[in-house]
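1. just the structure for this:
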Amino acid sequence: MTARTTVLAPQVRDAMVALGAAAKKGLGDPVLAELVMIRASQINACAFCLDMHVDVAVEKNGEGAERIALLNAWREAGELYSERERAALALTEAVTVLTDGFVPDDVFEQAAKYFDEAELAHLLGVITVINSWNRLMVSRRIEPGGPAW
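-> A predicted model of the protein is given here:
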């Protein structure tokens, strides 16, 4: 299958963009949102989303190259990521993979220590939206810079 150069489902794209914007706005931390989206995209091997969100994290939000480069190994990166970021990244991985069919209680409880109920709902929204984008882009084999659905 080859990538198409036109947007075939603009209503789907527009709804996904709006949902993602609402989730990120309610989270309130644009750097954290980008870290979450990059980590989920790493797990899902979505080159399109990785390219986009690394660029946004660095160019728009001033994220450092070291934190981006070590995101795949965030658990081993020492104090490079805050406890709040670590809780969000653990939740991201649990929601993205869902190997046991659910998010482990300890992962959810750890995130709930650092995010109030509304923030946690928005964080889950960001994680859900990026996983949806990853699946759309990977299933269509959209390369970096290609059309966003």
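2. most centrally placed residue in this protein?
-> residue 37 (1.6 Å; C-alpha atoms, centre = their mean).
3. so it versus residue 24, what's the distance?
-> As defined by C-beta to C-beta, to the nearest Å, residue 37 lies at a distance of 9 Å from residue 24. Where you see a C-beta, it was placed from the backbone N, CA and C, and this is true even at glycine.
4. contacts for the longest helix that the chain contains, please.
-> Longest helix of the chain, by residue count under DSSP state H: helix 117-139. Here helix 117-139 makes contact (C-beta atoms under 8 Å, 6 or more residues apart in numbering) with 16, 19-20, 22-28, 33, 36-37, 40-41, 44-49, 53, 88, 91-92, 95-96, 111-112, 115, 142, 146, 148-149.
5. just stretch 39-58 next, same as before
-> In contact with stretch 39-58 (C-beta under 8 Å, 6+ apart) are residues 31, 34-35, 37-38, 63-65, 68, 71-72, 74, 89, 92-93, 95-97, 127, 130-131, 133-135, 137-138, 142-146, 148.
6. now the buried members of those.
-> 31, 34-35, 37-38, 63, 68, 71, 74, 89, 92-93, 95-96, 127, 130-131, 133-134, 137-138, 142, 146 (16 or more other C-beta atoms under 10 Å).
7. what sits against residue 77?
-> residue 70.
8. backbone phi and psi for it, please?
-> In terms of degrees, to the nearest 10, the main-chain angles of residue 77 are phi -90, psi 10.
9. count of residues packed around residue 49?
-> Residue 49 has 25 neighbouring residues, counting by other C-beta atoms under 10 Å.
10. state the mean pLDDT of the helix or strand hosting the residue nearest to the centre of the chain.
-> Using DSSP states H and E, residue 37 sits within helix 30-43. With pLDDT averaged residue by residue, helix 30-43 scores 97.
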